[in-house]
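>>> Okay, here's the prediction I keep looking at, along with the sequence it came from:
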Amino acid sequence: MANQRLTKHNTAMLRAAFELQKDLSADALLVLLDGHTDWKKISQMSSDMELDKPVIVAVDSSDDLEGAAEAGLRPLALNKEKAPLLERLQHALLEAAADEMIKINGEVIALYGGFQQGRLDSISHLKLDERMRRLTTRDLQMLESSVPLKTIKTVVDLAVQIGLEGREGKPVGALFVIGDTRKVLDHASYSGCDPFRGYNRKERSLMDPKVQEDAKEIAQLDGAFVVTSDGVIERSRQMLEVLHEELNMSKGLGSRHWAAAAITRRTKAIAVAVSQSTGTVRLYQDGFLMLQIEPMDKGIKWQEIAFKPPSASGSEQ
Ligand SMILES: Nc1ncnc2c1ncn2[C@@H]1O[C@H](COP(=O)(O)OP(=O)(O)OP(=O)(O)O)[C@@H](O)[C@H]1O
């Protein structure tokens, strides 16, 4: 279990963050930490300053959050140990918004260590992005009907990382088909040897950051990942054979994206495609493009949330 002490310096920074929260009437304080700390002291400081807004404490591992909820804080496990600060911060905001810890269009004071591990040295006043709010609360919940929100978010997050990072300096594409596994497999065949074959469910769960790293490696190979609604890779390297009739796709999208849209037309699955050429992540449901995320140099930016009302012609903008 990692630890982050509330030193004299860290305590003074916390006090300053609480002051700022009070002065600006911010909706929450987000403290990004490197490990477990004195949760009771943070909570005590908040009540001593007569603040009744949520204090969100985000660390990488859920083990480190032990006692935070009991102390009256709002714990958030990030599972993003090696990610750059901006990505961790953005991820924390997304999670907090999805769990409705932060209000619609909320303002947040964030306290974190930007320069040195274990030292809270930076305070930011952040305004929650309108698009981020819509994506996390309303839009993603709408997709939840067939696959749980947690699984969608995990896969979308992984897909964004694949699109952003590639592998060994080369761009990498990928396709994840989530849910309705039995039906999806009726349309799938191996495109090569499946590296996940023979492993137990735990060793194939995308909820495990190690498995996510393995998936990033395998994404370089041909074919799609078939993922259960609870996030377990059922098969990898699958070629999908589905009719492309009744689909109206944007120009320039190739066979990976056609297959992604088509499989969701035939089944109740959700497909998440990463374009190798651009790094763009697209999410399909029911044959329609539901969400598009453009890669950014730093961190994640949710962009252009395109909901298409299902119609007979089903045109994609
Ligand atoms: N039917 C399919 N099922 C599973 N994977 C597929 C299918 N068609 C293509 N792919 C995967 O997508 C890769 C790229 O194909 P293609 O360039 O035609 O797709 P694309 O949609 O243009 O994607 P990108 O933007 O990544 O180039 C293939 O090498 C293969 O791994």
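Cool, the structure landed. Here the structure is a predicted model, which is why all the values come from computation and not from measurement.

>>> and the stretch 151-300 of the chain, which residues reach the ligand?
173, 175, 222-224, 239-240, 253-257, 259, 275-277 (CB under 6 Å from any ligand atom). Placement of C-beta: from N, CA and C, glycine included.

>>> which one of those is nearest the ligand?
Relative to the ligand, the closest of those is Gly254; by CB to the nearest ligand atom it sits at 2.1 Å.

>>> What about that closest one, how many residues nearby?
13 (other CB atoms under 10 Å).

>>> Now Phe115: closest residue in space that isn't a chain neighbour?
Asp121 (5.3 Å; CB to CB, 6 or more residues apart in numbering).

>>> Please name the residues that touch the one you found.
Counting by CB atoms under 8 Å, 6 or more residues apart in numbering, Asp121 touches Met13, Gly113, Gly114, Phe115.

>>> cutoff 6 Å now
Gly113, Gly114, Phe115 (CB atoms under 6 Å, 6 or more residues apart in numbering).

>>> tell me, how many neighbours does the first one end up with?
Translated: Gly113. Using other CB under 10 Å, Gly113 has 18 other residues around it.

>>> how close does the residue lying closest to Arg167 once chain neighbours are set aside get to Ala269?
Leaving out its chain neighbours, the residue that sits closest to Arg167 by CB to CB, 6+ apart is Gln220, at 5.4 Å. Look at Gln220 and Ala269: by CB to CB, to the nearest Å, they are 23 Å apart.

>>> And these two? Which one has more around it.
Using other CB under 10 Å, the more surrounded residue of Gln220 and Ala269 is Ala269, with 26 against 15.

>>> hang on, isn't the more buried one packed against Lys183?
No. Contact criterion CB atoms under 6 Å: Ala269 and Lys183 do not qualify, at 7.5 Å.

>>> does Val177 sit in a helix, a strand or a coil?
Secondary structure for Val177, judged by DSSP: H, G, I helix; E, B strand; the rest coil, is strand.

>>> Report the beta-bridge partner residues of it.
Val177 forms beta bridges with Val226, Ala271, as assigned by DSSP bridges.

>>> Please shift the residue numbers so they start at 30 in all later answers.
I'll keep to 30 as the first residue from here, and by that count the last item is Val206.

>>> residues contacting it?
If you count contacts by CB under 6 Å, 6+ apart, Val206 has them with Val213, Ala253, Val255, Ile292, Ala298, Ala300.

>>> among the residues you listed, who's most crowded?
Of all those, Ala300 has the most neighbours under the rule other CB under 10 Å, reaching 29 neighbours.

>>> Can you name the residues that contact the residue nearest to Trp68 when sequence neighbours are not counted?
Among residues not flanking Trp68 along the chain, Ala100 sits closest, at 3.9 Å (CB to CB, 6+ apart). The contact partners of Ala100, by CB under 6 Å, 6+ apart, come to Trp68, Lys69, Ser72.

>>> cool, Gly195 as well?
So Gly195 contacts Val201 (CB under 6 Å, 6+ apart).

>>> Could you count how many residues lie near the nearest residue to Arg294 once chain neighbours are set aside?
Using CB to CB, 6+ apart and skipping residues adjacent in sequence, the residue nearest Arg294 is Gly316, 3.4 Å away. Using other CB under 10 Å, Gly316 is surrounded by 22 other residues.

>>> how about Gly316, what does it touch?
Contact analysis of Gly316 by CB under 6 Å, 6+ apart lists Leu276, Ala290, Thr293, Arg294.

>>> want to try JSON lines for the contacts of Val206, with pLDDT as columns?
Shown next, in JSON lines, are the contacts of Val206 (pLDDT from 0 to 100):
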{"residue": "Val213", "pLDDT": "97"}
{"residue": "Ala253", "pLDDT": "97"}
{"residue": "Val255", "pLDDT": "98"}
{"residue": "Ile292", "pLDDT": "96"}
{"residue": "Ala298", "pLDDT": "95"}
{"residue": "Ala300", "pLDDT": "96"}
